[in-house]
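Colleague: quick one, fold the following:
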Amino acid sequence: MRAVIQRVLEASVAVEGVQISKIGQGLLVLAAVGKEDDEKDVAVLAHKLAQLRIFHDEEGKMNRNISQAGGQMLLVSQFTLYGDARKGNRPSFDAAAEPARARELFDLLVTTIEAKSIPVCTGQFRSHMEVSLINDGPVTILVDSRRQF
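Modeller: Below is the predicted model:
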């Protein structure tokens, strides 16, 4: 699984002009499921998202995770993170999981994060979404579960 993690002051998702999710301070996570991904990848990514220390402590150092900072998480499925544009100008998405499997693992990621007592909102799977955010820092981190093994 791949994820773009952004520390935000706020973030929201709208579908067809209607806001469906909104968070305050926390993490906006754009997540994608690859063809080879399984439950182990979900566990790796969920652990990383819950433990990533990118929130400031009293001394201004990035030393707190999302729970310690009292943050929320907005998880948005984004298969285009598996886009391969090495050849030509039109990306190939062959490495992305099929929609049914991607939905299964994405939903598992949501429930795994929620089980860690982190408030989670989501986008709408397989919809054209308008994602808005105020990036805090800016702080943006890239994570790939396959590079953790």
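Colleague: quick one: residues in contact with the helix ranked longest in the chain.
Modeller: Looking across the chain with DSSP state H, the single longest helix is helix 99-114. Applying CB atoms under 8 Å, 6 or more residues apart in numbering, the contact partners of helix 99-114 are 1, 31-33, 37-39, 41-43, 45-46, 49-50, 73, 75, 77, 79, 96-97, 120, 122, 125-126. Bear in mind the C-beta positions are built from the backbone N, C-alpha and C, glycine included.
Colleague: select only the buried ones of those residues in PyMOL?
Modeller: In PyMOL, a selection of the buried entries from the contacts of helix 99-114 looks like this (16 or more other CB atoms under 10 Å):
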select buried, resi 1+31+32+33+37+41+42+45+46+49+50+73+75+77+79+96+97+120+122
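Colleague: which of the contacts of helix 99-114 fall in helices?
Modeller: Filtering the contacts of helix 99-114 for helices - DSSP H - leaves 39, 41-43, 45-46, 49-50.
Colleague: and which of those is nearest to Ser145?
Modeller: Closest approach to Ser145 among these (CB to CB): Asp41, at 4.0 Å.
Colleague: what's near enough to touch the closest residue to that closest one other than its chain neighbours?
Modeller: Leaving aside its chain neighbours, Asp41 sits nearest to Ser145 (4.0 Å; criterion: CB to CB, 6 or more residues apart in numbering). For Ser145, the contact set (CB under 8 Å, 6+ apart) comprises 1-2, 37, 40-42, 44-45, 48.
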